[in-house]
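J.: Provide a 3D model corresponding to the input given below.
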Amino acid sequence: MTTLTRDELQQALLAALGEIAPEVDLAALQPQRPLRQQVDLDSADWLNFLVVVHERLGVEIPDAEAGRLRTLEQIVEFCLPRLPAGA
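T.: Next up is the predicted model:
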């Protein structure tokens with residue numbers, strides 16, 4: 001099994017977001033804009049999103065990093081080198 005490409009990782013993150021916020025138009029999201037400005041996520045939803053990312057992709061995002069990661073693009077950049085082999 002090969003590692004996910006950047007685009008595949010972004011799609012996996014969007015799918016995780018869609019699981020937490022099914023009402024969101026995922027195709028309309030802009031990767032460079034802060035997610036929480038584009039999507040109405042409260043703190044609990046944000047935490048649930050990070051849990052789903054960990055469960056689906058095997059990447060743990062520590063609290064210290066979670067506060068710094070605001071855009072989809074930043075989350076992709078954080079997760080890509082941390083994907084487990086074969087993800």
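J.: residues in contact with the spatially most central residue of the chain?
T.: In the chain, the residue lying closest to the centroid (CA atoms, centre = their mean) is Leu13, at 3.9 Å. Leu13 makes contacts with 53, 57, 72, 75-76, 79, as judged by CB atoms under 8 Å, 6 or more residues apart in numbering. The C-beta positions use only the backbone N, C-alpha and C, and glycine is treated the same way.
J.: also Asp40?
T.: By CB under 8 Å, 6+ apart, the contact set of Asp40 is Ala21.
J.: how about the secondary structure of it?
T.: Put simply, Asp40 is coil when judged by DSSP: H, G, I helix; E, B strand; the rest coil.
J.: where along this structure do the strands fall?
T.: Counting by DSSP state E, the chain has no strands to list.
J.: just the helices in it please.
T.: Shown for the chain, the helices assigned by DSSP state H span residues 6-20, 35-38, 43-57, 63-66, 72-79.
J.: what angle do the third one and helix 6-20 make?
T.: What separates the directions of helix 43-57 and helix 6-20 is an angle of 130 degrees, with axes from the mean of the first three to the mean of the last three CA atoms, to 10 degrees.
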